[in-house]
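Asks: Requesting a structural model of the entry that follows:
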Amino acid sequence: MSVDLSTRYLGLPLKHPIVASASPLTGSIDSLRRLQDAGVAAVVLPSLFEEQIEHEEMATHNLMMYGAELSPEAHGFFPEMQNYPTGPDRYLKLIQEAKHALSVPVIASLNGHTPGGWTNIARQFQDAGADAIELNVYFLAASVDDTSAEVEQRYVDLVASVTQQVGIPVAVKVAPYFSAMANMAARLHQAGAAGLVLFNRFLQPDITLDELEVAPHLVLSTSDELRLALRWIAILRGRVGASLAATGGAHTPEDVLKLLLAGADCVMLASSLLTRGPGHVEALVRGVQDWLSDREYSSVAQMKGSLSQQACPDPDAFERANYMRALQSYTSEFV
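Replies: All right, here's what the predicted structure looks like:
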């Protein structure tokens, strides 16, 4: 049975839902070609950090020295900046070359820290030919003076300022830590976001007990992390008009299928491609196609969102009922 795997994300037509997320694999033309040859439906380039453009090594150095004077162990909290590539030209060239070399959509990713930086660089991304922009918003409200309302408004204002300056679709990659995630998703869409990428993974540093230093290393995702995006995509599907992309925890065809059933428009991969290579895309696509064919689905569109909470009259009560059910049904040999 022939199955139509096509979907749409940010208004862009995709041949299937599997997208290469921002990672070292999307940072060069050679690796981008390998990803396209392996079958990805679109690519998200690595994030360009505004600090890379501004050469703020001196300010960062002063901040590091100030922290070290207060406590030598605090020095490890601050990353060294000199190893980061600098300037927008190389990134803009990557966009241009990617658009020339690839036939799949190319999404540029930006991580800014000033209002003018977000908007100016976004315009340059558009001028370089990007099909869409992903705003990789990484703001950890560590100050006790920042209120939740102020943090939320900062996100909304950011999205509004960027979307008013560019004509291509803009997605927002957000973390799951808002107190009212569903309302925040709706506000971001109202501010102009064409899509939401759920979820961003904040850095979670470790501490080395021997050296007494902070170890700010990244840990790749596993399928166990899938459920957070699964829950919120199922809640938001049909209630927010933005495209929904899932990221974090998709490693198997089963993972991809669960996210599609919850209502994801596409599934973004980074960790699974970094550990298994670009060729893993083919296995994922084949697994999704076989599952749909075996169950006589004619298309991804037919099954997408069929297990979302779109038809649930009271999502709050549904979540609470499932929480109680899970706790009461758990068994252990020690109980």
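Asks: And the strands in the chain, which stretches?
Replies: Per DSSP state E, the chain carries strands over the ranges 7-9, 12-14, 18-20, 43-49, 106-111, 132-136, 170-174, 195-198, 206-208, 213-215, 243-247, 266-269.
Asks: List the contacts of stretch 224-235.
Replies: The contact list for stretch 224-235 (CB atoms under 8 Å, 6 or more residues apart in numbering) reads 176, 181-182, 185, 198-199, 244, 246-250, 255, 258-259, 262-264, 307-309, 315, 319. For the C-beta atoms, the positions are set from N, CA and C on the backbone; glycine is no exception.
Asks: Buried among these? Make that a PyMOL selection.
Replies: Selection of buried members from the contacts of stretch 224-235 for PyMOL, criterion 16 or more other CB atoms under 10 Å:
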select buried, resi 176+181+185+198+199+244+246+247+248+249+250+255+258+259+262+263+264+308+309+315
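Asks: Among the contacts of stretch 224-235, which lie within helices?
Replies: Met181, Ala182, Ala185, Asp255, Lys258, Leu259, Ala262, Pro315, Glu319 (DSSP state H).
Asks: Give me the below-cutoff pLDDT ranges for the stretch 1-150 of the chain.
Replies: 54-87 (pLDDT under 70).
Asks: and Val300, what is it in contact with?
Replies: By CB under 8 Å, 6+ apart, the contact list for Val300 reads Val3, Asp4, Leu5, Ser6, Thr7, His16, Pro17, Leu260, Val288, Leu292.
Asks: between these, which has the most around it?
Replies: Per-residue neighbour counts (other CB atoms under 10 Å) across those peak at Pro17, which has 29 neighbours.
Asks: Pretty sure that one sits against Ala42.
Replies: No - counting by CB atoms under 8 Å, Pro17 stays clear of Ala42, with 9.7 Å between them.
Asks: okay, and the common contacts of those two?
Replies: Common neighbours of Pro17 and Ala42 (criterion: CB under 8 Å, 6+ apart): Tyr9, Cys266.
Asks: what's the closest non-adjacent residue to Ala264?
Replies: In this structure, Ala264 finds its nearest non-sequential neighbour in Ala246, 4.2 Å apart by CB to CB, 6 or more residues apart in numbering.
Asks: separation between that neighbour and Leu209?
Replies: Using CB to CB, to the nearest Å, Ala246 is found at 36 Å from Leu209.
Asks: Ok, Lys99 next?
Replies: Counting by CB to CB, the gap from Lys99 to Leu209 is 48 Å.
Asks: neighbour-wise, which of the two wins?
Replies: Comparing Lys99 with Leu209 by other CB under 10 Å, the one with more neighbours is Lys99, at 15 against 7.
Asks: Give me the nearest residue to that one, chain neighbours excluded.
Replies: Using CB to CB, 6+ apart, the nearest residue to Lys99 is Gly129, at 4.3 Å.
Asks: Let me see the contact set for the one you found.
Replies: Neighbouring residues of Gly129 by CB under 8 Å, 6+ apart: Ile95, Gln96, Lys99, Val106.
Asks: Name the nearest residue to the first one, ignoring sequence neighbours.
Replies: Excluding the flanking residues, the one nearest Ile95 by CB to CB, 6+ apart is Ala128, at 4.0 Å.
Asks: still on that earlier bit, can you tell which of the strands of the chain is closest to Tyr155?
Replies: strand 170-174 (7.3 Å; CB to CB).
Asks: Note down every partner strand of that closest one and its orientation.
Replies: Sheet pairing of strand 170-174 (DSSP bridges) gives strand 132-136 (parallel), strand 195-198 (parallel).
Asks: So for Leu269, which of those sits nearest?
Replies: strand 195-198 (12.4 Å).
Asks: Please name the nearest non-neighbouring residue to Thr114.
Replies: Using CB to CB, 6+ apart and skipping the chain neighbours, the partner closest in space to Thr114 is Glu50 (6.6 Å).
Asks: thought that neighbour was touching Thr119?
Replies: No - Glu50 is beyond contact range of Thr119, at 11.1 Å (criterion: CB under 8 Å).
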